[in-house]
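Enquirer: Pasted the sequence and its predicted model underneath.
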Amino acid sequence: MPQIIVIAHNIRSTHNVGAIFRTSEGFGVQKIILSGYTPYPQIPNDPRLPHISRKLTDQIHKTALDAETIVPFEYQEVPDIESLRRSGYTIVGLEQDDRSVMLPDYRSPDKVALLLGEEVEGITDDLRLLCDDLIEIPMVGKKESFNVSVAAGIALYALCTG
């Protein structure tokens, strides 16, 4: 099974963040990096106003159900992609793109940093360019994409089993 770090960049919904924590815990993700405007649970020396950090922590907890206390996480304003790469991680963006490999055809490397982007717009162009690989979930319905937390679960399952 590969070593996996999840990067959740610019995720708006606390419920999606909580679901990503819970799913990540189930798949044994090593760490979650929350970045950009993604809400995150309280941290030591939290720079946010106490009532804001408590409110966001409580909202994330509703779907994380304590996974936010189990899975290590950190907040970075901008994800430190180069540091992950130097540590041997392949940066894999989950995104619909001309260069995306369909998830069933992708073979997971030993160390993966799975990058998730904003719910509607996806991964920003600048971060997409930093990805070593892009993967895409095949869609057969009429909708263009899955919810980001659902897509994270599908991708994590495939990365762990493929």
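Expert: Okay, I see it.
Enquirer: Now stretch 41-51: buried residues?
Expert: Neighbour counts over stretch 41-51 (16 or more other Cβ atoms under 10 Å) mark 41, 46 as buried. Just so you know, the C-beta spots here come from the backbone N, C-alpha and C atoms, and that holds for glycine as well.
Enquirer: now the end-to-end length of it.
Expert: Using Cα to Cα, to the nearest Å, the end-to-end distance of stretch 41-51 comes out at 12 Å.
Enquirer: quick one: average pLDDT of it?
Expert: The average pLDDT within stretch 41-51 is 96.
Enquirer: from the middle of its chain, how far away would it be?
Expert: Centre-to-centre, stretch 41-51 and its host chain are 21 Å apart (Cα atoms, centre = their mean, to the nearest Å).
Enquirer: now swap in stretch 84-94 and tell me
Expert: Using Cα atoms, centre = their mean, the offset of stretch 84-94 from its chain centre is 13 Å.
Enquirer: And for stretch 94-105?
Expert: Distance of stretch 94-105 from its chain centroid, counting by Cα atoms, centre = their mean, is 16 Å.
Enquirer: contacts for it?
Expert: 114-117, 122-123, 128, 131, 133-138, 144-145, 151-152, 154-155, 158, 162 (Cβ atoms under 8 Å, 6 or more residues apart in numbering).
Enquirer: which parts of that stretch are buried?
Expert: 94-95, 100, 103.
Enquirer: Equivalent analysis for stretch 121-138, please.
Expert: 122-123, 127-128, 130-131, 133-137.
Enquirer: At which residues are the strands of this protein located?
Expert: Taking DSSP state E, the strands of the chain run over residues 3-9, 31-35, 73-76, 90-94, 101-102, 111-116, 133-136.
Enquirer: Residue 75 touches residue 45, doesn't it?
Expert: No: with contacts counted by Cβ atoms under 8 Å, residue 75 stays clear of residue 45, the gap being 11.4 Å.
Enquirer: Find residues that contact each of the two.
Expert: Common neighbours of residue 75 and residue 45 (Cβ under 8 Å, 6+ apart) do not exist.
Enquirer: Since that was my last question, I'll sign off now.
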